[in-house]
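*Asks:* Task: produce atomic coordinates for the following.
(one chain, ligands or ions: 2)
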Amino acid sequence: MPHAHHYVDLDRAAWAALRDGQSAGLDASRVQALAGLGDVVDPREVEEVYAPLARLLLLQDAARSHAREATAAFLGAPARRSPFVVAVAGSVAVGKSTTARLLRELLSAGGRRVDLVPTDGFLHPNAELERRGLMARKGWPESYDTRALLDFLAAVRAGEPHVQAPVYSHVAYDVLPGERQVVDRPDVLVVEGLTLLQPASPARDGRPRVVASDYFDTSVYVDAAEEHLLAWYVARFLALRDTAFRRPGSYFTRYAALSDEEARETASAIWHRTNGPNLRRNVLPTRGRAAVVLEKDAGHRTRRVRLRLP
Ligand SMILES: Nc1ncnc2c1ncn2[C@@H]1O[C@H](COP(=O)(O)OP(=O)(O)O)[C@@H](O)[C@H]1O
Ligand SMILES: CC(C)(COP(=O)(O)O)[C@@H](O)C(=O)NCCC(=O)O
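*Replies:* Numbers count the residues shown, from 1 in each chain. Ligands and ions are numbered 1, 2, ... in the order given. Next up, the predicted model:
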């Protein structure tokens, strides 16, 4: 638990008041489309929770630009452009992708060029995970090509053009060979993933290590009790059974024919084997490293926001 003077806790009403005229500026149909799988994001959630968050990020971005200009003025050289990098972390099924998409929309509505990159593209391909005996630990820190993720972040942060990221498909349940997402000097990069806030583990040779968070300007951890996460994971699995699992090429075609009861059992087993232990062992312990923690209740409603003071 961080020391009390290092953070401030705001209930929903206090947080919503910090919107300070920052309006979401998204129409209802746009908001509707932002949660996946037919789920609907409550427009009040956008106004009262994500609009203040967008305002905070814009202020932090401006402060960072001033700091960079100060250093450039000191050096007598023009400041190089470099995107503002926001990390979104949290458990499987907590709503990271939905939060990341909302932030992309809100920040783009303010006129910025925003790219969104999920870290699942940096997972090792299934064949490699199988070779390493890691298929039951997909999403755990060791299942990612960390070197590739760090190289990607370093290149984007250095302001390089046309930086490529690999792409993962939830239908194929694998990284798509040869497929690439191109990030070309955006104003903001939102990067979203389970294990982004991992601290450095000591290297065998004792040398300090670079971690992904060295490249972040700020970070958001989306939080909810594990009982809600499990329920959301199972609900999403049932929805996928009726949609993505039926598509040609789906890794999970064998799940498309499961009854409700069997689908619930299967999803719950995957949770207890892979995602629950990953949450407890690797994800939750990084929560205190986030700049902002959004705490959701059973209905995806944000009840409380914790802000770490710089
Ligand atoms: N704010 C929200 N309101 C309603 N449903 C949401 C919200 N955020 C996420 N969801 C739903 O919860 C599930 C998990 O969200 P998702 O963004 O896919 O999670 P993650 O990327 O963390 O795995 C999805 O079914 C999604 O539609
Ligand atoms: C692809 C994921 C590892 C999430 O990756 P992330 O975008 O957070 O890096 C996760 O959604 C997943 O598929 N976990 C494996 C266990 C499962 O089937 O849920």
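*Asks:* use CA for all of it now, contacts and neighbours both
*Replies:* Will do.
*Asks:* So what pairs up with the residue nearest to Asn126 when sequence neighbours are not counted in the strands?
*Replies:* With Cα to Cα, 6 or more residues apart in numbering as the criterion, Asn126 has its nearest non-adjacent residue at 6.0 Å, and that residue is Asp174. For Asp174, the beta-bridge partners are Ser169 (DSSP bridges).
*Asks:* Mind pulling up the pLDDT for Asp174?
*Replies:* With respect to pLDDT, Asp174 scores 95.
*Asks:* Tell me how many other residues surround the closest residue to Trp271 other than its chain neighbours.
*Replies:* Spatial nearest neighbour of Trp271, chain neighbours left out: Leu230 (6.9 Å); criterion: Cα to Cα, 6+ apart. Neighbourhood size, Leu230 [other Cα atoms under 10 Å]: 20.
*Asks:* Check Glu130 too.
*Replies:* Glu130: 12 neighbours (other Cα under 10 Å).
*Asks:* any idea how far it is from Pro202?
*Replies:* Per Cα to Cα, to the nearest Å, Glu130 is found 26 Å from Pro202.
*Asks:* distance between the ends of stretch 195-211?
*Replies:* Criterion Cα to Cα; first-to-last residue distance in stretch 195-211 is 11 Å.
*Asks:* Asn278 touches Ser143, doesn't it?
*Replies:* No: when contacts are counted by Cα atoms under 8 Å, Asn278 is not listed as touching Ser143 (11.2 Å).
*Asks:* Mutual contacts of the two, please.
*Replies:* Residues touching both Asn278 and Ser143 (Cα atoms under 8 Å, 6 or more residues apart in numbering): Arg137.
*Asks:* how about the residues of the stretch 51-200 of the chain that lie near ligand 2?
*Replies:* By the rule Cα under 6 Å from any ligand atom, the part of the stretch 51-200 of the chain lying against ligand 2 is 92, 118-120, 138-139, 193-194.
*Asks:* Output these in JSON lines; the columns should cover neighbour count.
*Replies:* Shown next, in JSON lines, are those (neighbours: other Cα atoms under 10 Å):
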{"residue": "Val92", "neighbour count": "22"}
{"residue": "Pro118", "neighbour count": "20"}
{"residue": "Thr119", "neighbour count": "22"}
{"residue": "Asp120", "neighbour count": "22"}
{"residue": "Lys138", "neighbour count": "19"}
{"residue": "Gly139", "neighbour count": "25"}
{"residue": "Gly193", "neighbour count": "24"}
{"residue": "Leu194", "neighbour count": "27"}
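*Asks:* Among those residues, which pair sits farthest apart?
*Replies:* Greatest spatial distance among these (Cα to Cα): Pro118 and Lys138, at 14.5 Å.
*Asks:* Now do whichever residue of the stretch 101-250 of the chain sits closest to ligand 1, the pLDDT please.
*Replies:* Nearest residue of the stretch 101-250 of the chain to ligand 1: Arg236, at 4.7 Å (Cα to the nearest ligand atom). pLDDT recorded at Arg236 is 91.
*Asks:* Pull the number of nearby residues for it.
*Replies:* 17.
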